Every structure is written in structure tokens, then in C-alpha cells.
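**Student:** Structure of the sequence below:
(one chain, ligands or ions: 1)
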Amino acid sequence: MDWQGRRQSSNVEDRRGASGGGGGKTPGILGIIVLLVGAYYGVDLSGIVGTPSLGTSVSQQSTLDPQQENQLNELARVVLADTEATWSEYFARDGRQYTPTTMVLYTGGTQTACGMGQAAMGPFYCPGDRKVYLDLSFYEDMRTKLKSASDAAFAYVIAHEVGHHIQNLLGILPKVNQMQQRASKSEANALSVKLELQADCFAGVWGHFAVGKKLFEAGDIEKAMLAAESVGDDRLQHEAQGYVVPDSFTHGSSADRMKWLQTGLQSGDINQCNTFR
Ligand SMILES: [Zn+2]
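**Tutor:** I've put the predicted structure just below:
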């Protein structure tokens with residue numbers, strides 16, 4: 001990726017090093033309800049929560065060396081800035097205005113409108129406050145647990161979360177969340193898969209334009225695809241428990257995630273991203 005020296009987004013809230021929100025204070029009953037609701041409505045990259053091989057405890061947090069952390073901090077801001085440019089242009093073509101998301105950088109845990117955000121959950125988007133939450137040490141998880149770390153893979157992760165923001169702005173996220181409330185567990189999971197695959201497709205649409213701007217270079221598409229493959233439910237389940245239960249999928253198989261990312265990359269058109277059809 002040719003990202004160095006490009007514009008960095010100012011829509012970033014840097015909470016790194018802060019004592020993970022709620023620290024010292026007990027959340028109380030309201031906090032617990034919010035946490036439970038949040039666990040349901042926040043949308044993440046990989047459903048990493050509860051996947052044993054990927055770590056469920058914040059205490060086993062990965063660490064970054066300061067130089068690497070600086071690089072990732074810059075990369076994240078450049079990618080966010082580029083999503084803002086791309087989606088603003090995209091929305092403007094339809095006569096709409098794009099309202100950017102805010103990216104919250106944090107370490108360990110932090111308070112969100114969806115409850116307590118924890119690094120062990122991996123990056124996620126909270127529709128309630130329209131923010132993307134990212135602990136930069138997720139890069140280490142990608143390297144050690146998902147074996148798909150690269151700047152292009154990290155960019156895909158951010159673009160996927162911004163994809164959920166696009167779904168929120170288009171009214172898709174609230175509508176699907178409402179449908180999920182009335183659905184059975186397996187139907188709700190199936191809807192969740194469709195949402196996640198669409199976020200992958202939207203990430204691909206961003207990637208399509210990133211290629212045009214030479215932000216993505218030769219080989220970067222392959223790296224992003226590899227990342228999408230590495231967070232497929234079947235692959236994560238297989239690694240965690242040795243077998244695969246498709247009904248319990250919440251994010252989609254590796255093949256489907258790659259397919260939808262590819263669809264967005266090739267078309268650059270969100271109308272090709274109807275995973276609900
Ligand atoms: Zn997601």
C-alpha cells in the first residue's frame with residue numbers, strides 16, 4: 001500500500017492509555033442492560049467473542065512496540081480519511097451528503113453507546129454513537145492468530161467497519177436489527193451473516209476506488225482477500241473447535257466473505273452488494 005504522506009482524518013478520538021471507561025465505577029443495572037443490548041447490536045469484524053482460539057480475555061492482550069503503534073495509528077487515519085473522500089463523492093453522486101463516522105482508538109476497554117467495548121471483541125461499529133472502535137493491537141491478533149497481517153489487511157478491517165456505518169446511514173442496519181428482534185436464533189444469525197457480507201462488499205467498493213487512487217498497489221487486493229478469508233466463520237470455528245456449525249454462523253464462510261469483497265472490488269457499485277436478495 002502506498003499510504004505514507006497522504007491526508008489523515010481528524011475524525012479520530014484518541015482514548016489510548018485511558019483507563020478503560022467505567023473503571024473504578026460499578027456499571028449498575030442500567031449499565032448492565034446497555035451492555036447486553038450492545039452485545040447484540042454492535043457489529044464487529046469476525047465474531048471473535050467467545051471463540052476460544054482467538055482469546056476471550058482482555059488480560060491476554062497483544063502488545064505493539066511504540067514504533068509499530070505509531071505506524072498503525074497513521075495508517076488507520078489515512079485509511080479513514082480515504083473512506084471519507086470516497087464515500088463523500090459516492091453519496092454526492094446520488095445527491096446525498098455523507099456524514100463521516102468517528103474512529104475511537106483505545107487500549108483494552110472503553111465505554112460506548114453499545115456498552116463496554118473490549119479489545120478482545122476485535123474492531124467493531126456501534127450504531128448508537130456512529131463510531132468505529134479500534135484497538136490498534138488487533139494488528140497483532142491478525143498476525144499471530146489470523147495469520148493475515150499486512151497494511152492492506154488492516155485497511156480492509158477499517159473499511160469493513162466503515163461499511164457498517166454506510167449501512168447505518170442507508171437505514172439498513174436499524175431495519176435488520178428490528179427484523180432480528182422478531183426472528184428465531186438461526187434466522188437472526190442468517191440476517192447477521194447478510195449484514196456482515198454486505199459490509200465486506202462495501203469495503204470492496206471502497207477498495208475499488210483505492211486502486212484507482214493508487215493507494216492499493218499490486219498484491220494489496222490479494223492481501224485484503226486473504227484477510228477476509230481468515231475471518232470466515234467456518235475457518236474460525238474449525239480452528240476453535242475442530243468442526244463447523246453453519247447455523248451458528250454470524251459473519252459468513254470464508255468463501256462467501258471473499259466472494260462479496262470481490263464483488264465490491266470489481267464493481268465499485270453498492271447496488272451490487274444486495275446480500276439480502
Ligand atoms: Zn462486521
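
**Student:** which stretches of the stretch 101-250 of the chain form strands?
**Tutor:** Remark: strands assigned in the stretch 101-250 of the chain by DSSP state E, counting those that start in this stretch are 102-105, 109-112, 115-118, 124-126, 131-134.

**Student:** Show me which residues of the stretch 101-250 of the chain sit near the ion.
**Tutor:** 196, 199 (CB under 5 Å from the ion). Heads up, the C-betas are built off the backbone N, CA and C, glycines and all.

**Student:** quick one, helices of the stretch 151-277 of the chain?
**Tutor:** Per DSSP state H, counting those that start in this stretch, the stretch 151-277 of the chain carries helices over the ranges 151-169, 172-182, 185-212, 220-230, 233-241, 254-267.

**Student:** Name all residues that make contact with the spatially closest residue to Q266 that is not a sequence neighbour.
**Tutor:** Once flanking residues are discounted, Q266 sits nearest to H208: 7.2 Å by CB to CB, 6 or more residues apart in numbering. By CB atoms under 8 Å, 6 or more residues apart in numbering, the contact list for H208 reads 264-268.

**Student:** and what of D65?
**Tutor:** Applying CB under 8 Å, 6+ apart, no residues contact D65.

**Student:** Of the contacts of H208, select the buried ones using a PyMOL command.
**Tutor:** Listed next is the PyMOL selection for buried residues among those, using 16 or more other CB atoms under 10 Å:
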select buried, resi 264+265+268
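
**Student:** out of the contacts of H208, which one sits closest to the ion?
**Tutor:** Using CB to the ion, G264 is the member of the contacts of H208 that lies nearest the ion, at 13.8 Å.

**Student:** Check what pLDDT that closest one gets.
**Tutor:** The model reports G264 with a pLDDT of 98.

**Student:** looking at the helices of the stretch 151-277 of the chain, which one has the lowest mean pLDDT?
**Tutor:** Across those, helix 233-241 gives the lowest mean pLDDT, at a mean of 86.

**Student:** In this structure P127 contacts L173, no?
**Tutor:** Yes. Under the criterion of CB atoms under 8 Å, P127 makes contact with L173 at 5.3 Å.

**Student:** List phi and psi for S137.
**Tutor:** phi -70, psi -10 (degrees, to the nearest 10).

**Student:** what about it, how many residues close to it?
**Tutor:** S137: 18 surrounding residues under other CB atoms under 10 Å.

**Student:** Distance-wise, check it relative to the ion.
**Tutor:** Using CB to the ion, to the nearest Å, we find S137 at a distance of 19 Å from the ion.

**Student:** Give me the distance between that residue and S253.
**Tutor:** Distance from S137 to S253, counting by CB to CB, to the nearest Å: 27 Å.

**Student:** and if you look at L170?
**Tutor:** 25 Å.

**Student:** Equivalent analysis for A199, please.
**Tutor:** 15 Å.
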